[in-house]
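Asks: Pasting a predicted model and its sequence here:
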Amino acid sequence: MNEPSGFCMRNLRESDLPALLEIERSCFWDPWPAMWFRRPIRARDFCWGVCDGNRLVGYLIACREDETLHIANLAIDPDYRNQGAATSLIKRIVQAATDERFKDIYLEVRRSNEEAIRLYERFGFKVTGVEENYYEGQEDALIMRITINGMV
């Protein structure tokens, strides 16, 4: 897969947890704890990191839910945003969903995260619902979904 200049993509490893948690804390006011990353990384399923050389600069965690993929977490180091890393991760998960014949992909995104919403919309994700007070009881989540194979 073609990555943005200077970046590479690979499966996440448990040894990535310190860097991953640093990115998580720099991106979210309610970061996931380490234990929430360990299980999907150990399962080696749809857990990818974007690196600049040896430095982890972003990641995507997605989980299988029957015929659907759920993007549970995606974050890019603030110093590396708008350089194509998130776009590469979204392209990869859409391609994986297509290859593995998933019907759709969905995710939750903060209503206030306009930059992320625009990114997902560029790939064809549509708002299909709202989860009120999803984020620590303080902010709504938009539920966004894209159909991959067949009708949902």
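Replies: Structure received. Numbering: from 1, shown residues only.
Asks: Tell me the first helix or strand C-terminal of whichever strand or helix holds residue 20.
Replies: For residue 20, the element it lies in under DSSP states H and E is helix 17-27. The helix or strand immediately downstream of helix 17-27 is helix 34-43, counting by DSSP H and E.
Asks: Flag every buried residue along that following helix.
Replies: 37, 40-41 (16 or more other C-beta atoms under 10 Å). (Each C-beta comes from the backbone N, C-alpha and C, glycine too.)
Asks: Give me the contacts around the helix or strand of the chain with the lowest mean pLDDT.
Replies: When each helix and strand of the chain is scored by mean pLDDT, DSSP states H and E, helix 34-43 comes last, with a mean of 89. Here helix 34-43 makes contact (C-beta atoms under 8 Å, 6 or more residues apart in numbering) with 12-14, 16-17, 20-21, 46-47, 61, 63, 72-73.
Asks: Quick one: the helices in the chain, in order.
Replies: 17-27, 34-43, 85-99, 114-122 (DSSP state H).
Asks: List of residues touching the last one?
Replies: Contacts to helix 114-122, defined as C-beta under 8 Å, 6+ apart, come from residues 74, 86-87, 90, 107, 109-110, 142, 144, 146.
Asks: Residue 60: neighbouring residues, count only.
Replies: 24 (other C-beta atoms under 10 Å).
Asks: Against residue 131, how distant is the residue nearest to it when sequence neighbours are not counted?
Replies: Spatial nearest neighbour of residue 60, chain neighbours left out: residue 89 (4.2 Å); criterion: C-beta to C-beta, 6 or more residues apart in numbering. Distance from residue 89 to residue 131, counting by C-beta to C-beta, to the nearest Å: 22 Å.
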